[in-house]
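Student: how would this look folded up:
(one chain, ligands or ions: 3)
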Amino acid sequence: MPRINEEKLRDALKVYFIVGSNNCVKNPVQVVEEAIEGGITIFQFREKGKDALEGHEKYMLAKELQAICKTKGIPFIVNDDIDLAIELNADGLHIGQEDEPVMNIRKKIGDKILGVSAHSLEEAKIAIKNGADYLGLGPIFPTKTKEDAKEVRGTTLIEELRANGLDIPIVGIGGITIDNARTVMKAGADGVAVITAISQSEKILETTQRLSENVL
Ligand SMILES: Cc1ncc(COP(=O)(O)OP(=O)(O)O)c(N)n1
Ligand SMILES: Cc1ncsc1CCOP(=O)(O)O
Ligand SMILES: [Mg+2]
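Tutor: Ligands and ions are numbered 1, 2, ... in the order given. A predicted model of the protein is given here:
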């Protein structure tokens, strides 16, 4: 199988929902089902941080969420955990700058979708050269979800990459809500990645629908 077509990926990245059980007020399975109903276009399983599931429990939740995504045609991406991504035959993996080098990961996952976090033009160029399919840039706005997040950059890095002719698919991440999503798209992103905006909403379906309307 060839690597995913860039335009298809651009479309898939529009409403990117990321979650782990510890981000959810309700049952994560219900959260993901409602978010899919509301119009998310891609999903990332990110089970990390305080109270995160481990071992068999983590595996079983990932498997259940993957099955739900599969029936609805939503790509299922695993955060950080390459072994889990390979074991589940996930659609892709998202890694950061602290993880194994992009080139090694690309060799291990073959043609699966590979997302890489970047915090500078330099990091972005290296990630692209070594096989990233898309970039996650952030935090765009202040976030409480990631304790070790880098400095807030607004949309400046998205604009800098586009001004330098980088046309790789990009998602903005960090503090993105219904109200500021449009700003991120206007800066040149192909999509927005959110955790809190959807997972902590009291009305997940409606929130996701409204977020989608501001992005699509
Ligand atoms: C779509 C997307 N973009 C960025 C990130 C952040 O990845 P990373 O910097 O590796 O941090 P953790 O999420 O692993 O804490 C992401 N997960 N997804
Ligand atoms: C994983 C990650 N990477 C940069 S910011 C962030 C957290 C995004 O979560 P939220 O949408 O709740 O701000
Ligand atoms: Mg990571």
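Student: Does anything pack onto the helix or strand harbouring residue 94? Which helices or strands?
Tutor: For residue 94, the host element (DSSP states H and E) is strand 92-95. Counting contacts by 3 or more CB pairs under 8 Å, 6 or more residues apart in numbering; DSSP states H and E, strand 92-95 packs against strand 76-79, helix 82-88, helix 102-109, strand 113-118. Where you see a C-beta, it was placed from the backbone N, CA and C, and this is true even at glycine.
Student: Name every strand pairing with the first one and say which way it goes.
Tutor: This points to strand 76-79. Counting by DSSP bridges, the strands paired with strand 76-79 are strand 42-45 (parallel), strand 92-95 (parallel).
Student: same question for the first one, mean pLDDT?
Tutor: Pointing back at strand 42-45 there. Strand 42-45 shows a mean pLDDT of 98.
Student: Return the set of buried residues in whichever helix or strand comes after it.
Tutor: Downstream of strand 42-45, the first helix or strand assigned by DSSP H and E is helix 55-72. Judged by neighbour count using 16 or more other CB atoms under 10 Å, the buried positions of helix 55-72 are 58-59, 61-62, 65-66, 69.
Student: Kindly export helix 55-72 (C-alpha atoms) in CSV.
Tutor: What follows is helix 55-72, C-alpha atoms only, in CSV (Å, rounded to 0.1, in the frame of the first residue of the first chain):
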residue,chain,number,x,y,z
GLY,A,55,-1.1,-2.6,30.3
HIS,A,56,-4.1,-4.8,29.5
GLU,A,57,-6.7,-2.2,30.4
LYS,A,58,-5.0,0.4,28.1
TYR,A,59,-4.9,-2.2,25.3
MET,A,60,-8.6,-3.2,25.8
LEU,A,61,-9.8,0.4,25.7
ALA,A,62,-7.7,1.1,22.6
LYS,A,63,-9.1,-2.0,20.9
GLU,A,64,-12.7,-1.0,21.7
LEU,A,65,-12.2,2.6,20.5
GLN,A,66,-10.5,1.3,17.3
ALA,A,67,-13.4,-1.0,16.5
ILE,A,68,-15.9,2.0,16.9
CYS,A,69,-13.7,4.2,14.7
LYS,A,70,-13.5,1.4,12.1
THR,A,71,-17.3,0.9,11.8
LYS,A,72,-17.7,4.7,11.2
